[in-house]
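1. Dropping the sequence and predicted coords here.
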Amino acid sequence: MNAAEITDLFTRADGQYLCARWGRPIVPVVFGVEDSTLQTVKGAIEAVVALANHKMAETDPELGANLMVFFFRDWAELLDVPNLDRLVEGLEPLVARLQAADANQYRVFRFDTANAIRAAFVFIRMDAALSDVPAETLALSQAVQVILLWSDTAFTDRSALAVAGDHTILRPEIGAIIRAAYDPVLPAVATDPAHALRLAARIAPQS
């Protein structure tokens, strides 16, 4: 991908360029699924974290778990989750907006003092459309979308995933961007579009 295409992936609907990565090891916890699906989701997260050359941990010293993934059938179920309103500010009006929009997924990020990602909450309402998606595909898609703060329109027109034979895989160019964004030389947070040039330089074919 060239710099312009990368810029689009991190330019939000309001025109702001913003790319942020995790500033601490990721500690996931998954709610609302059977054990087999739990392993699928955690396996996808582990694979994407390894791709980024980032780290996972057993516990987060501040939150215990800092990546919380919720599967459910109705948005209203979130209002019954103990203490979730303390972790996600404005939970009740958010649920009302998502219900009105008939949304089937949403992600909330929290940031540290340097504006790197310190926590994320992934909400997945298993409607008819998502119920038809294989667990492996759904898990990989969510893992990719939570490893970086992408634009809110990044994957509107084209998925981060591709089909290869009988398997769904991460598109190689998206994987390359994830790896590049976690280069320790680059900042954890960037608001200057010139950052996309630095990403592009890291994924350009080497002669």
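-> Perfect, I can see it now. Numbers count the residues shown, from 1 in each chain.
2. who's in contact with residue 33?
-> By C-beta atoms under 8 Å, 6 or more residues apart in numbering, the contact list for residue 33 reads 41, 71. In this view, the C-beta of every residue, glycine as well, is placed from N, C-alpha and C.
3. Against residue 74, how distant is it?
-> 16 Å (C-beta to C-beta, to the nearest Å).
4. Same question for residue 178.
-> Residue 178 is 32 Å from residue 74, by C-beta to C-beta.
5. higher neighbour count, those two?
-> More neighbours surround residue 178 than the other of residue 178 and residue 74, with 24 against 12 (other C-beta atoms under 10 Å).
6. wait, doesn't that one sit right on residue 147?
-> Yes: when contacts are counted by C-beta atoms under 8 Å, residue 178 is listed as touching residue 147 (5.9 Å).
7. Let me see the ranges of the helices in this structure.
-> Secondary structure of the chain (DSSP state H): helices at 3-9, 35-51, 84-87, 91-101, 128-131, 135-147, 172-181, 194-203.
8. for these, which one ends up most surrounded?
-> Neighbour counts (mean count of other C-beta atoms under 10 Å) averaged over each of the helices of the chain peak at helix 135-147, with a mean of 21.
9. tell me the angle it makes with helix 35-51.
-> Relative orientation of helix 135-147 versus helix 35-51 (axes from the mean of the first three to the mean of the last three C-alpha atoms, to 10 degrees): 40 degrees.
10. looking only at pLDDT, what's the mean for stretch 194-203?
-> What stretch 194-203 shows for mean pLDDT is 96.
11. Same check on stretch 119-137?
-> The pLDDT scores in stretch 119-137 average 93.
12. hmm, who's touching it?
-> Contact with stretch 119-137 is made by 37, 40-41, 44, 60, 63, 66-75, 78, 87-88, 98, 102-110, 138, 142, 146, 161, 168, as judged by C-beta under 8 Å, 6+ apart.
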